[in-house]
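A.B. asks: everything below, folded, please.
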Amino acid sequence: MRIAVSACLLGETCKYNGGDNLSEELVDVLRAGCHEVIPVCPEVAGGLPCPRPPAEIVDGEVRTATGESVDAAFRLGARMSLEAIDVAGGCDVAVLQPRSPSCGAGQVYDGTFSGRLVAGSGVFAALLEERGVTILSPEEARRRL
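C.D. replies: Take a look at the predicted model:
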């Protein structure tokens with residue numbers, strides 16, 4: 001199975017704060033299943049540095065806590081990541097970092113930088129959803145793959 005995976009979940013230091021979201025259990029499941037993994041980080045693909053200011057979706061636009069719009073970079077990175085998946089032959093499923101303004105599926109932070117969640121999807125996740133790609137959280141992937 002070909003699986004697109006948020007690179008931060010694989011241990012790549014591309015998270016906004018310069019860290020990662022390594023999920024060793026997910027990496028083990030992916031290895032054990034002999035899956036073809038396509039790592040993606042739409043934010044870095046869009047040209048954003050690491051580290052970078054945290055961002056959330058505010059009224060449909062991705063902005064930092066100071067109000068700076070980073071929407072263009074997020075959308076460019078989402079398109080570039082989708083193209084990378086296409087070049088790799090597409091994907092059967094995606095395992096994405098929850099709550100992210102790029103990769104969150106089903107819930108994202110509410111745009112107030114207070115930690116509250118609302119229904120919605122990140123910019124990249126929304127593109128995958130439009131294509132009908134099933135998006136799993138790392139926990140769901142560990143159970144289902």
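A.B. asks: longest helix in this protein, please.
C.D. replies: helix 71-87 (DSSP state H).
A.B. asks: tell me what that helix is packed against?
C.D. replies: strand 36-40, helix 42-45, strand 61-64, helix 123-130 (3 or more Cβ pairs under 8 Å, 6 or more residues apart in numbering; DSSP states H and E). (Each C-beta comes from the backbone N, C-alpha and C, glycine too.)
A.B. asks: can I get those in a markdown table with mean pLDDT?
C.D. replies: Formatted as a markdown table, those follow (pLDDT from 0 to 100):
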| stretch | mean pLDDT |
| --- | --- |
| strand 36-40 | 97 |
| helix 42-45 | 98 |
| strand 61-64 | 98 |
| helix 123-130 | 98 |
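A.B. asks: run a quick neighbour tally on residue 42.
C.D. replies: Residues within reach of residue 42, counting by other Cβ atoms under 10 Å, total 31.
A.B. asks: and if you look at the one 4 residues further on?
C.D. replies: The local packing of residue 46 (other Cβ under 10 Å) involves 23 other residues.
A.B. asks: list the contacts of the nearest residue to it once chain neighbours are set aside.
C.D. replies: Closest residue to residue 46 apart from its sequence neighbours, by Cβ to Cβ, 6 or more residues apart in numbering: residue 77 at 2.5 Å. For residue 77, the contact set (Cβ atoms under 8 Å, 6 or more residues apart in numbering) comprises 41-48, 102, 123-124.
A.B. asks: quick one: contacts for the most centrally placed residue in the chain?
C.D. replies: The chain has residue 103 as the residue nearest its centroid, 2.6 Å off, counting by Cα atoms, centre = their mean. Residue 103 makes contacts with 6, 42, 96-97, 122, 124-125, as judged by Cβ under 8 Å, 6+ apart.
A.B. asks: shouldn't it be within a helix?
C.D. replies: No. Checked against DSSP: H, G, I helix; E, B strand; the rest coil, residue 103 lies outside a helix; its state is coil.
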